[in-house]
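Enquirer: requesting a structural model of the entry that follows:
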Amino acid sequence: MDPVTLPLLEQAINYWRNVSPSVGDEHRLCPEAAALATPYALMIMAHRREIPAAELGDAARAALDGWAATRK
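Expert: Take a look at the predicted model:
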């Protein structure tokens, strides 16, 4: 899964948000969506449309792989 694009991350974040909606008064994201939200935000701030999968942290990569497995 290389490269990782903004739309791909957005789809994965939305999947995890549907599987495990935000909780608490602060509307905290589930761990998978939160792990993907960080690289998503950093890409937007850096004006990057894609990054190599190797730039994702372990939690983000696991969340992305988990989402990708549901698409097969």
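Enquirer: ok, A59 - contacts?
Expert: By C-beta atoms under 8 Å, 6 or more residues apart in numbering, the residues touching A59 are 31-32, 35. All C-beta spots, glycine's among them, are computed from the backbone N, C-alpha and C.
Enquirer: now do Y40
Expert: Each residue near Y40 by C-beta under 8 Å, 6+ apart is listed here: 6, 9-10, 13.
Enquirer: among the residues you listed, which are in strands?
Expert: Assigned to strands by DSSP state E, none of the contacts of Y40 qualify.
Enquirer: of those residues - the most surrounded one?
Expert: Among the contacts of Y40, L9 has the most neighbours (other C-beta atoms under 10 Å), with 25 neighbours.
Enquirer: mark which of the contacts of A59 are buried, thanks.
Expert: In the contacts of A59, burial by neighbour count holds for 32, 35, counting by 16 or more other C-beta atoms under 10 Å.
Enquirer: tell me the pLDDT at the residue most central in space within the chain?
Expert: The structure's the chain has its C-alpha centroid closest to L36; by C-alpha atoms, centre = their mean the separation is 2.6 Å. We have a pLDDT of 97 for L36.
Enquirer: hang on, it packs against R61?
Expert: No - counting by C-beta atoms under 8 Å, L36 stays clear of R61, with 9.6 Å between them.
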